[in-house]
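1. missing the sequence, but the structure's below:
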């Protein structure tokens with residue numbers, strides 16, 4: 001039987017797991033030196049000063065919103081403009097913290113495929129005075145410059161992109177299907193030391209030490225992490241809780257794998273872009289059959305390969321699946337169709353025409369680095385066969 005060509009597959013090898021195994025031998029698995037090193041290295045890689053690692057990209061979004069609320073950038077009842085093509089745990093933190101999501105449509109412009117529509121955002125900002133903007137780097141595509149200029153936060157969990165300096169805080173994911181794999185894990189990045197410190201407090205039970213410890217103010221790291229033999233003179237602060245918070249820490253076990261992945265990130269991204277470029281070129285020849293696909297762009301980090309088929313999507317998807325080419329819907333489709341929003345406070349001020357098109361006609365296939373050129377040729381061949389038979 002032909003192997004399944006997956007939509008998503010981790011690019012991970014024995015060397016990555018070896019570092020985790022060495023950590024287990026040292027009998028230290030929870031958050032420690034590996035996590036702190038990964039925070040520093042990942043922040044530096046994406047041009048930021050501070051990283052705060054958490055246990056998932058979803059938690060990164062939650063911490064991001066909680067921090068901005070703690071610093072009064074956001075307050076209960078604020079309107080937050082965000083695309084209706086999204087992910088459940090991008091929206092959930094807004095609802096959980098008392099914000100009101102304003103769901104807007106996406107653009108199908110090829111270089112900003114599936115990201116927040118700039119014109120509709122600008123109209124919404126005129127109508128909802130004081131509203132905030134929360135864009136996604138959907139499937140690795142960069143939102144338009146004008147969208148990012150209005151944003152203080154961004155969800156980059158589908159991406160491995162640098163964000164503009166005006167974006168105060170951004171979230172990333174290291175789930176097994178993502179660009180860098182850590183098993184589970186996520187991170188927020190920022191240049192603001194206050195965001196960093198409050199982020200650590202929100203992540204780690206709201207302890208006083210994250211907010212007031214003199215070692216943190218000088219080193220941005222707990223001395224007990226860098227020196228296990230250190231006895232803290234303010235140990236009572238570890239049992240004193242200053243702000244409402246969670247326990248969302250990343251494990252050293254996951255961070256060690258993430259660090260190993262970061263050392264080969266150039267190859268990972270190079271293969272993703274090679275695969276995406278091949279699919280853009282070859283599937284682009286089939287546009288006359290009703291395929292709508294993005295234009296290849298270097299600015300995208302190519303999480304997966306999105307397709308909108310104006311014909312019978314169900315028939316095409318079944319044909320591909322029958323031939324061992326796996327497909328998935330594009331994220332949530334229209335998030336307002338999902339049950340978790342029933343009874344919640346949100347608004348849809350204008351039509352979601354493009355989002356609805358994606359909901360009904362969109363799907364995605366893989367472009368991950370484990371795919372070979374032979375695999376990609378097979379995928380294109382199955383598309384061609386379907387249209388020849390149709």
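-> Nice, I can see it. These figures come from a predicted structure and were not determined experimentally.

2. tell me the SS of residue 52?
-> strand (DSSP: H, G, I helix; E, B strand; the rest coil).

3. that one: neighbour count?
-> 29 (other C-beta atoms under 10 Å). Every residue, glycine included, has its C-beta placed from N, CA and C.

4. pLDDT wise, what is it at?
-> We have a pLDDT of 96 for residue 52.

5. skipping adjacent residues, who's closest to it in space?
-> residue 199 (4.0 Å; C-beta to C-beta, 6 or more residues apart in numbering).

6. what's the answer for residue 84, then?
-> In space, residue 84 is closest to residue 103, 4.0 Å off (C-beta to C-beta, 6+ apart).

7. hang on, the earlier thing: buried sites along the helix or strand encompassing the residue nearest to residue 52?
-> Residue 199 is located in helix 193-203, with elements delineated by DSSP states H and E. Residues of helix 193-203 classed as buried: 195-203 (neighbour count, 16 or more other C-beta atoms under 10 Å).

8. give me the below-cutoff pLDDT ranges for the chain.
-> When residues are selected by pLDDT under 70, those of the chain lie in 16-29, 214-221, 224-226, 228, 390.

9. quick one: furthest residue from the center of it?
-> Distance from the C-alpha centroid of the chain peaks at residue 233, with 38.7 Å (C-alpha atoms, centre = their mean).

10. any idea how far residue 60 is from it?
-> 32 Å (C-beta to C-beta, to the nearest Å).

11. contacting residues around residue 133?
-> 80-82, 116, 121, 125, 147, 150-152 (C-beta atoms under 8 Å, 6 or more residues apart in numbering).

12. let's see 6 Å
-> Shown in contact with residue 133 (C-beta atoms under 6 Å, 6 or more residues apart in numbering): 81, 150-151.

13. ranking these by neighbours, who comes first?
-> residue 81 (24 neighbours).

14. hmm, the residue nearest to residue 52 is touching residue 63, no?
-> Yes - Residue 199 lies in contact with residue 63 (C-beta atoms under 6 Å); the separation is 5.5 Å.

15. what do these two both touch?
-> With C-beta under 6 Å, 6+ apart, residue 199 and residue 63 have common neighbours residue 188.

16. does the closest residue to residue 271 other than its chain neighbours count as helix, strand or coil?
-> Leaving aside its chain neighbours, residue 271 sits nearest to residue 369 (3.5 Å; criterion: C-beta to C-beta, 6+ apart). When classified by three-state DSSP, residue 369 comes out as coil.

17. any idea how far residue 369 lies from residue 68?
-> Taking C-beta to C-beta, one finds residue 369 at 34 Å from residue 68.

18. repeat for residue 157
-> Applying C-beta to C-beta to residue 157 and residue 68 gives a distance of 17 Å.

19. what about those two, which has more around it?
-> residue 157 (26 against 23).

20. hmm, back to that, hang on, the residue nearest to residue 84 packs against residue 348?
-> Yes - judged on C-beta under 6 Å, residue 103 makes contact with residue 348 at a distance of 5.0 Å.

21. let me see the contact set for the most centrally placed residue in the chain.
-> Centroid check for the chain by C-alpha atoms, centre = their mean gives residue 157 as the closest residue, at 0.6 Å. Residue 157 makes contact with 57, 171, 173, according to C-beta under 6 Å, 6+ apart.

22. now, these that are in strands?
-> Counting by DSSP state E, the contacts of residue 157 place 171, 173 in strands.

23. thanks a lot, see you next time.
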